[in-house]
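**Student:** 3D model of this:
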Amino acid sequence: MKFLPSLLATVALSAITLTPALAENPQELAQKKACLGCHGIDNKIVGPAYKDVAKKYRGQKGVEAKLVEKVLKGGKGVWGEVPMPANTQVSEAEAKQLVSWVLSLK
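**Tutor:** Model (predicted):
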């Protein structure tokens with residue numbers, strides 16, 4: 001039984017090192033990745049306001065994966081004719097964090 005505490009510490013450390021490092025604040029991440037240059041939280045800029053995105057997609061099944069793909073690959077036609085370019089500077093983990101944050105807005 002003496003090895004149990006060290007085993008638990010090893011497992012906990014492994015879990016910590018496997019977790020990707022993400023920004024401490026999703027809004028700061030959105031600023032850093034230039035998302036807020038085209039999207040306001042409360043107001044449309046070039047693209048829709050994030051609160052409007054949250055309202056449109058709230059409660060839809062599978063929407064998180066759909067929006068993560070849209071963040072990464074871009075898209076057009078849903079919010080007008082101006083296309084959203086692919087965001088090659090955003091990792092999949094960052095896109096998931098951003099989408100989760102946007103969908104949480106009320």
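**Student:** who's in contact with stretch 84-94?
**Tutor:** 20, 22-23, 29, 33-35, 38, 47, 68, 70-76, 95, 98 (CB atoms under 8 Å, 6 or more residues apart in numbering). Every C-beta, even on glycine, is put in place using the N, C-alpha and C of the backbone.
**Student:** Out of those, list just those in helices.
**Tutor:** Counting by DSSP state H, the contacts of stretch 84-94 place 29, 68, 70-73, 95, 98 in helices.
**Student:** show me what contacts K70?
**Tutor:** Contacts of K70 by CB under 8 Å, 6+ apart are M84.
**Student:** Check what pLDDT it gets.
**Tutor:** Looking at K70, its pLDDT stands at 97.
**Student:** before we move on, what about the one 3 residues further on?
**Tutor:** Looking at K73, its pLDDT is 97.
**Student:** how close does it sit to V90?
**Tutor:** Applying CB to CB, to the nearest Å, the value for K73 to V90 is 11 Å.
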